[in-house]
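Student: turn this into a structure:
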Amino acid sequence: MKLFIVYCHPSENSFTRNMLNAFVRGITDSGNECIISDLYKMNFDPVMTEQEYLRDAFYKNTPYVAEDVLAEQEKINSADAIAFVYPVFWTEAPARLVGWFDRVWSYGFAYGDKTMKELDKAMILCSAGNPLERLEEFGLMDSMKKVMFGDRLFGRAKEMEFVVFDSTSREKAEREDNWESNLQKAYEKGLHFFDYAGE
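Tutor: I've put the predicted structure just below:
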């Protein structure tokens, strides 16, 4: 089976990059394949143009869709599932990934008379500087899940899972203490990614 991974992090020297690598190893070790859109390496433009805005705002299913957007949409429809790997910035994904949704989730593809397939599964793997207890105490975890599951992925995937690797800020001792166990967790998430109820 094929997984499409959308990866977004500005630095190669990050826990999130190591998390991605471990996750991908798990996918391939399970005999499955993946394709990756590394939004920073691709220099994906997150800024919606006026033409794109007017097309979506007036619900126009016109043939004009930018080539970079079409390429991402084709990757989605060629896959069985999707995963998003990113760091949490101010309770949100990085701006480049937010802009990816703005542009790729276009009218006629992700909504309206949509051509986007319903994926078997969607998974979010994100690294967060705060401990999970703090994210839950202040309702930040719920906010992140509502945005991703209640809006962006609603009706677009049969199964969804949100995985947080917390306390990954460089000043926290837990970052180093939990490094290997977190990477093992990412690997296992990849290894068992397609062990869902749909199979």
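Student: test my guess that Ala128 contacts Pro87.
Tutor: Yes. With contact defined as Cβ atoms under 8 Å, Ala128 reaches Pro87; the gap is 7.4 Å. (C-beta placed from N, C-alpha, C; glycine too.)
Student: for Ala157, which non-adjacent residue is spatially closest?
Tutor: Once flanking residues are discounted, Ala157 sits nearest to Ala122: 3.7 Å by Cβ to Cβ, 6 or more residues apart in numbering.
Student: contacting residues around the one you found?
Tutor: Ala81, Ile82, Ala83, Phe84, Leu153, Arg156, Ala157, Glu159, Met160, Glu161 (Cβ atoms under 8 Å, 6 or more residues apart in numbering).
Student: got it, and Val47?
Tutor: By Cβ under 8 Å, 6+ apart, the neighbours of Val47 are Gly99.
Student: low-confidence ranges in the chain?
Tutor: Within the chain, the stretches with pLDDT under 70 are 196-199.
Student: could you pull out the helices for it?
Tutor: Secondary structure of the chain (DSSP state H): helices at 15-29, 50-57, 67-77, 95-104, 132-137, 140-145, 173-177, 179-191.
Student: and the contacts of Ala122, which of them are buried?
Tutor: Among these, those buried by neighbour count (16 or more other Cβ atoms under 10 Å) are Ala81, Ile82, Ala83, Phe84, Leu153, Arg156, Ala157, Met160.
Student: contacts only, for the nearest residue to Thr62 once chain neighbours are set aside.
Tutor: For Thr62, ignoring the flanking residues on the chain, the nearest one in space by Cβ to Cβ, 6+ apart is Arg55 at 5.9 Å. By Cβ under 8 Å, 6+ apart, the contact set of Arg55 is Thr62, Tyr64, Ser106, Tyr107.
Student: ok, now how distant is the last one from Leu119?
Tutor: Spatial separation of Tyr107 from Leu119 under the definition Cβ to Cβ, to the nearest Å is 19 Å.
Student: now do Ala22
Tutor: 22 Å.
Student: rewinding a little: among the buried ones among the contacts of Ala122, which lie within strands?
Tutor: Ala81, Ile82, Ala83, Phe84, Ala157, Met160 (DSSP state E).
Student: what's opposite the first one in the beta bridge?
Tutor: Here Ala81 sits in beta bridges with Leu3, Lys121, going by DSSP bridges.
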